[in-house]
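Participant: Quick one, structure for this:
(2 chains)
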There are 2 protein chains.
Amino acid sequence: MYGAGDVRVETVPDPVIQHPTDAIVRTVRACICGSDLHPYHSMPHGAHGTPMGHELIGIVEEVGSEVVTVKPGDFVVAPFAFQDNTCAFCREGFQTACVHGGWYGNPEVGGLQAELARIPLADGSLVTVPGVDPSGADASLLASLLALSDVYLTGYHAAFMGRVEPGKTVTVVGDGAVGLSAVLASRRLGAERIILMGRHAARTDLGVEWGATDVVAERGDEGVAKVLELTGGEGSHVVLEAVGLMPAYEQSYGILRPGGVLSRVGVPQYESAPIGFGSLFGKNATLTGGPAPVRAYLEPAIAQVLAGEIDPGRVFDRVIGIDEAPAGYAAMDARESLKTMIRF
Amino acid sequence: MYGAGDVRVETVPDPVIQHPTDAIVRTVRACICGSDLHPYHSMPHGAHGTPMGHELIGIVEEVGSEVVTVKPGDFVVAPFAFQDNTCAFCREGFQTACVHGGWYGNPEVGGLQAELARIPLADGSLVTVPGVDPSGADASLLASLLALSDVYLTGYHAAFMGRVEPGKTVTVVGDGAVGLSAVLASRRLGAERIILMGRHAARTDLGVEWGATDVVAERGDEGVAKVLELTGGEGSHVVLEAVGLMPAYEQSYGILRPGGVLSRVGVPQYESAPIGFGSLFGKNATLTGGPAPVRAYLEPAIAQVLAGEIDPGRVFDRVIGIDEAPAGYAAMDARESLKTMIRF
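Facilitator: Reported below is the predicted structural model:
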């Protein structure tokens, strides 16, 4: 990406092992993230492009001398951040705060919307999918495994941090791929009532299939009033905010029940926001969430996908080749595509 | 209070039963709260005074026809807010959000810094202290019971919402009466390491007696650096913020460990504050807290006081008569008194 709206596909030198803990992975599937649209809207134009992408499944091609848990030929999922998975924060389940970890999509580490990718700290950052040969695998299985790299487990993180459990009413703000994933995750965690706030019928229909019991198309004050009406005036025990913009945040605390939990996974496009007596404090609201520690949730989620218990890959509604990436960004930006997969 | 700095003691008509759920209580002890200092600094001057106070222990003098759980002669503690203790929010443990509840210290309900007080919803708002005759009771016992009306259980609420437990490092920001109470409550909940941030030795000494293992006098960036140093660069699992001012909030998220919990009980004197990627979101911080639902915690706390397990009344370092109330406010405002009790 060279700036807002300017995505180019270029041939660059193949990545190489730089550290003995690195691995090189040949991409099988990658995808475009809702968070990639933020720089697509706002990145200043520059002479040098920024490599993009942080989600992939692929085949390990080469490993550094210190890598022990994966080997060439292994089929792997890469969480959207890399980590050693051994530091104090990793052991506490917050791998996105790993003291040795970091993010893809920058000149130093590279991006994962690419045929080949360098994965730092491979022992902590790649998880093998047992017993699956991607060349013969069902397209829907690959899609669901790819969804574990970020989108589904980001939705799951929202629900997990929001302490979703049986008996709780959950409201999901946002009908993007993460919001819909949060619906699916909430149902997995036992929520019986799931209100989905969104206005794109094709998307909310998938949300209903995944467990949403109510769909609210209204926004702002009208949306708040509608959710309060649906909850007998009491509000929602848990609100999962999967947008990241201020109106979504304001809507979220407006529908929150006293003592409720507002869990954010949409990357906030603001720094300051209301948290005083009139918004959070007065009703003992809890605010939580952040970048999902996908690594913490990945093994059981792979097992659930392989067992056919969850089908998070259904968020992908368009498949392109890498040369079509600029059109893929445009389609997601125009909301013509919920989430676009890149097939290699 | 007629305005900032203007506290007057006046003779007004005795309160009377207005609703069949009311009780009239004759005050034994009341006190001045740190939160009373906010209007003491900022209340616009007016022709009509606002009745003050929201903490008392006393003897029930009269009850309305529908009151069943207390009767004249009972010795009771009044939580700082009134509630029916039966609505959906009360049953979930958030009595300060009671749909029929409310606050003392206004012309309609009256204040509790008074010889007689009207307690609305008496069945939900008064808890009997079994087996104690206040006329013969030890002064320290009465002080500790009075502390349950607000200050100790507000500190307890901070620790409870912060999920303090064995193995966690807890940092308390603020060495006022609530902050010190949060130290005591954290030790009760099993915290082994408790860092107290405060610079008034007489106060932090009590904090150390109550379980603080480290005292940090530095503030702002220096204070943040000191706590990070004490925690091996990792930060505090739990931060209990008992001040309510923006610098205390900023200090709190600065010392918070990734995945940690920032629990506020100081009434925020701001509405908007940083909560984006650079403050809370990036490290998956959880923000919680609010007005303490004292009623939810009151019975076991009374039992602990009667058993001599906790001595929260030690926050009171000055005792005055009601006629000295203006001087009591001034002493607390000047930090000459940690917390001032009014004896009747």
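Participant: Quick check: closest non-adjacent residue to the residue of the stretch 1-150 of chain A found nearest chain B.
Facilitator: Distances from the stretch 1-150 of chain A to chain B, computed as C-beta to the nearest C-beta, single out A:Ala97 as the nearest residue at 3.3 Å. (Each C-beta comes from the backbone N, C-alpha and C, glycine too.) In space, not counting the residues next to it along the chain, A:Ala97 is nearest to B:Pro258; the distance is 3.3 Å by C-beta to C-beta, 6 or more residues apart in numbering or on different chains.
Participant: what about the residue of the stretch 1-150 of chain A closest to chain B, how many residues close to it?
Facilitator: 26 (other C-beta atoms under 10 Å in any protein chain shown).
Participant: these two touch, right, it and B:Gly260?
Facilitator: No: checked against C-beta atoms under 8 Å, the pair A:Ala97 and B:Gly260 is beyond contact range at 10.0 Å.
Participant: Find the residues that touch each one of those two.
Facilitator: With contacts defined as C-beta atoms under 8 Å, 6 or more residues apart in numbering or on different chains, the residues shared by A:Ala97 and B:Gly260 are B:Lys283.
Participant: Give me the phi and psi angles of A:Leu37.
Facilitator: For A:Leu37, the backbone dihedrals (degrees, to the nearest 10) come out as phi -70, psi -20.
Participant: leaving aside the residues next to it on the chain, what's closest to it?
Facilitator: Excluding the flanking residues, the one nearest A:Leu37 by C-beta to C-beta, 6+ apart is A:Asp333, at 5.6 Å.
Participant: which residues touch that neighbour?
Facilitator: Taking C-beta under 8 Å, 6+ apart as the contact definition, A:Asp333 lies against A:Leu37, A:Tyr40, A:His41.
Participant: Let's see that with 10 Å instead.
Facilitator: Applying C-beta atoms under 10 Å, 6 or more residues apart in numbering or on different chains to A:Asp333 gives the contacts A:Gly5, A:Ile32, A:Asp36, A:Leu37, A:Tyr40, A:His41.
Participant: can I assume the third one sits in a helix?
Facilitator: Yes: secondary structure of A:Asp36, determined by DSSP: H, G, I helix; E, B strand; the rest coil: located in a helix.
Participant: Run through the strands of the stretch 151-300 of chain A in chain order.
Facilitator: According to DSSP state E, counting those that start in this stretch, the stretch 151-300 of chain A carries its strands in the segments A:169-173, A:193-197, A:214-216, A:236-241, A:256-264, A:272-274, A:286-289.
Participant: right, so these: which one is the most enclosed?
Facilitator: When those are scored by mean count of other C-beta atoms under 10 Å in any protein chain shown, the highest mean neighbour count falls to strand A:169-173 (a mean of 31).
Participant: Next to chain B, which bits of the stretch 1-150 of chain A? Give me the list.
Facilitator: Proximity of the stretch 1-150 of chain A to chain B, by C-beta under 10 Å from any C-beta of the partner chain, involves residues A:Cys87, A:Ala88, A:Phe89, A:Cys90, A:Glu92, A:Gly93, A:Phe94, A:Gln95, A:Thr96, A:Ala97, A:Cys98, A:Val99.
Participant: The second one - nearest residue in space that isn't next to it in sequence?
Facilitator: Think A:Ala88. Leaving aside its sequence neighbours, A:Ala88 sits nearest to B:Glu234 (C-beta to C-beta, 6+ apart; 6.0 Å).
Participant: Ok, A:Asp175 next?
Facilitator: Nearest-residue entry for A:Asp175: A:Gly198, 2.5 Å, with adjacent residues in sequence omitted and distances by C-beta to C-beta, 6+ apart.
Participant: Report the distance from the helix or strand where A:Ser140 lies to the chain centre.
Facilitator: Taking DSSP states H and E as the definition, A:Ser140 sits inside helix A:139-147. Average the C-alpha atoms of helix A:139-147, do the same for its chain, and the two points are 14 Å apart (C-alpha atoms, centre = their mean, to the nearest Å).
Participant: try stretch A:87-99
Facilitator: On the basis of C-alpha atoms, centre = their mean, the separation between the geometric centre of stretch A:87-99 and that of its chain is 18 Å.
Participant: So for it, what gets flagged as buried?
Facilitator: Burial within stretch A:87-99, assessed by neighbour count using 16 or more other C-beta atoms under 10 Å in any protein chain shown, is assigned to A:Cys87, A:Phe89, A:Cys90, A:Glu92, A:Gly93, A:Phe94, A:Gln95, A:Thr96, A:Ala97, A:Cys98.
Participant: Name the nearest of those residues relative to B:Gly179.
Facilitator: When the buried residues of stretch A:87-99 are compared for distance to B:Gly179, the smallest value, 26.0 Å, is given by A:Glu92; criterion: C-beta to C-beta.
Participant: Next one: the closest one, what pLDDT does it get?
Facilitator: Reading off the confidence values, A:Glu92 has pLDDT 96.
Participant: Identify the residue nearest it in space, chain neighbours excluded?
Facilitator: Closest to A:Glu92 by C-beta to C-beta, 6+ apart is B:Gly259, at 5.7 Å.
Participant: Pull up the gap between A:Glu324 and A:Pro39, please.
Facilitator: When distance is defined by C-beta to C-beta, to the nearest Å, A:Glu324 is 19 Å away from A:Pro39.
Participant: hmm, back to that, which helices and strands does the helix holding A:Ser140 pack with?
Facilitator: For helix A:139-147, the helices and strands in contact under the criterion 3 or more C-beta pairs under 10 Å, 6 or more residues apart in numbering or on different chains; DSSP states H and E are strand A:23-31, strand A:56-63, strand A:75-78, helix A:151-161, helix A:177-188, helix A:294-306, strand A:340-343.
Participant: which among the residues of the stretch 1-150 of chain A next to chain B gets closest to A:Gly190?
Facilitator: Using C-beta to C-beta, A:Gly93 is the member of the residues of the stretch 1-150 of chain A next to chain B that lies nearest A:Gly190, at 19.9 Å.
Participant: check contacts around that closest one.
Facilitator: By C-beta under 10 Å, 6+ apart, the residues touching A:Gly93 are A:His157, A:Phe160, A:Pro293, A:Arg295, A:Ala296, A:Tyr297, B:Pro258, B:Gly259, B:Asn284.
Participant: Those: which two are farthest apart?
Facilitator: The farthest-apart pair in those, when distances are taken by C-beta to C-beta, is A:Tyr297 and B:Pro258, at 16.3 Å.
Participant: I'd say the residue of the stretch 1-150 of chain A closest to chain B and B:Phe281 touch.
Facilitator: No: the pair A:Ala97 and B:Phe281 fails to qualify as a contact (C-beta atoms under 10 Å) at a distance of 11.5 Å.
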